[in-house]
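>>> Here is my input, please return the structure:
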Amino acid sequence: MFTGIIEEIGTIQQIKKGQSSAILTIQASKVLEQTKVGDSIAVNGICLTVTALSEGYFLADVMHETLNRSSLAQMKRGSRVNLERAMAADGRFGGHIVAGHVDGVGRIVRTSRDDTAVWYTIEAEPAVLKYIVEKGSVTVDGISLTVARVWTDSFSVSVIPHTQQQTILKERTIGDIVNLETDIIGKYVEKLMQPAAEQEKSQEKKSSITKEFLMKYGF
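Have a look, this model is predicted:
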């Protein structure tokens, strides 16, 4: 589990591509402290397992599903990425619950400055937007942000200067693709409500009483 508080910006040193997967070599320093093979590091919000590490870098495998659902497929040598280690049990919960499982991607369609803050408007698919609510939490490239406004095809976030400077968000421009992870609580609530909804539909289908049947017999 992660919190969406970025620890440092890393750089992709090498991408070794397979037929439907890839191996990333990522330059880093802070996130390597006390890290060992098998640990998890979020790379632009994507939970990846450290498969090897040495002084100044680590390796991670990226599977086909991850490439299809995220912006990692567009990464190249020299690309900078947000990095966060999995949350320690005794750590502060500074952001929100982040699983590191990206729901999809969004596209930045507008940016504007409001005094010291910068506004980003991000276009997303309906399947992702349905879980995004005003004043709720969303993860953009691994960064925990508060949703300011929501429309039918997009949402906006307001970013303070500190977040701008400590993440790759300052490098993002209109048209760029970003990874999105919605608040996990909403997805669990929806899943838990589905059996009840399906049961109601099943009961409705079993009933042979219709409006026309009732009218025919004087009801």
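>>> First-to-last residue distance for stretch 171-180?
End-to-end span of stretch 171-180 (Cα to Cα, to the nearest Å): 17 Å.
>>> how about it: buried residues?
Going by neighbour count (16 or more other Cβ atoms under 10 Å), the buried part of stretch 171-180 is 172, 176-180. Glycine gets a C-beta too; all of them are placed from N, C-alpha and C.
>>> Would you convert the residues you listed into CSV that also reports pLDDT, secondary structure and distance to residue 159?
CSV is the format used below for these (pLDDT from 0 to 100; DSSP: H, G, I helix; E, B strand; the rest coil; distance: Cβ to Cβ, whole Å):
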residue, pLDDT, secondary structure, distance to residue 159
172, 94, coil, 10
176, 96, coil, 14
177, 96, strand, 17
178, 97, strand, 12
179, 97, strand, 16
180, 97, strand, 15
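>>> Of those, just say which sits nearest to residue 16.
Of all those, residue 16 sits closest to residue 179, with 21.0 Å by Cβ to Cβ.
>>> residues contacting the closest one?
44-46, 70-71, 102, 105, 139-142 (Cβ atoms under 8 Å, 6 or more residues apart in numbering).
>>> hey, what's the residue nearest to the spatial centre of the chain bridged with?
Note on the chain: the residue nearest the mean C-alpha position is residue 181, at 2.3 Å, using Cα atoms, centre = their mean. Beta-bridge partners recorded for residue 181 (DSSP bridges): residue 139.
>>> per-residue pLDDT, it?
You'll see residue 181 listed with a pLDDT of 97.
>>> Residue 5 too?
94.
>>> if I look at it, how far off is residue 127?
27 Å (Cβ to Cβ, to the nearest Å).
>>> higher neighbour count, those two?
Neighbour comparison, residue 5 and residue 127: the larger count goes to residue 5, with 20 against 10 (by other Cβ atoms under 10 Å).
>>> Wait, the more buried one touches residue 98, no?
No: Residue 5 is not in contact with residue 98 according to Cβ atoms under 8 Å; the separation is 9.2 Å.
>>> List the contacts of the closest residue to residue 113 other than its chain neighbours.
In space, and not counting its chain neighbours, residue 113 is closest to residue 119: 7.5 Å by Cβ to Cβ, 6 or more residues apart in numbering. By Cβ under 8 Å, 6+ apart, the contact list for residue 119 reads 110-113, 148, 156-159.
>>> quick one on the thing from earlier: for residue 164, state which of the buried residues of stretch 171-180 is nearest.
The closest of the buried residues of stretch 171-180, once distances to residue 164 are taken by Cβ to Cβ, is residue 172, at 9.8 Å.
>>> With adjacent residues omitted, what lies nearest to the closest one?
residue 108 (5.8 Å).
>>> Walking through this structure, point out its helices one by one.
64-69, 126-129, 161-166, 184-206, 211-216 (DSSP state H).
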